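**Student:** Below are the sequence and a predicted model; questions follow.
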Amino acid sequence: MNNITYCSQQYGLNINVKKTKLMIIIKKWITEGQLYVNQSPVERVSHYNYLGTLINEEWTNKREIRARIGKARSQHQSDGGLLQESQPLP
């Protein structure tokens, strides 16, 4: 990470440690693993919401599917049952 920090600083960019997260995605579970930016540890997370999609260390999509079903249910309930009314097709 020091190389990334050094190169980004060459272009006037700074890495915000508070906004940076670490996730290790691998088949074998790894308990250790730490990343530092400017001698500050980067927070390790087991799951993360990236561009509206839940990603986790196990690389499974159970949480993502549950989240999307929940969003669809709440949207359907807020529509007031528009899709439940029977209307003749043209």
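**Tutor:** Sure thing, it's come through. Numbers count the residues shown, from 1 in each chain.
**Student:** Show me the protein divided up by domain.
**Tutor:** Domain segmentation of the chain under automatic domain parsing yields 1-45, 46-81.
**Student:** Enumerate the positions of the shortest one that are buried.
**Tutor:** Going back to what we said before, that points to domain 46-81. Leu54, Ile55, Asn56, Glu57, Glu64 (16 or more other Cβ atoms under 10 Å). Heads up, the C-betas are built off the backbone N, CA and C, glycines and all.
**Student:** is it true that the third one touches Tyr50?
**Tutor:** No: checked against Cβ atoms under 8 Å, the pair Asn56 and Tyr50 is beyond contact range at 10.8 Å.
**Student:** in the chain, which spans are helices?
**Tutor:** Taking DSSP state H as the criterion, the chain contains helices spanning 2-10, 62-78.
**Student:** Minimum distance to Glu43: which of those helices has it?
**Tutor:** helix 2-10 (16.3 Å; Cβ to Cβ).
**Student:** coming back round to it: which one of the helices of the chain lies closest to Thr20?
**Tutor:** Using Cβ to Cβ, these put helix 2-10 closest to Thr20, at 10.2 Å.
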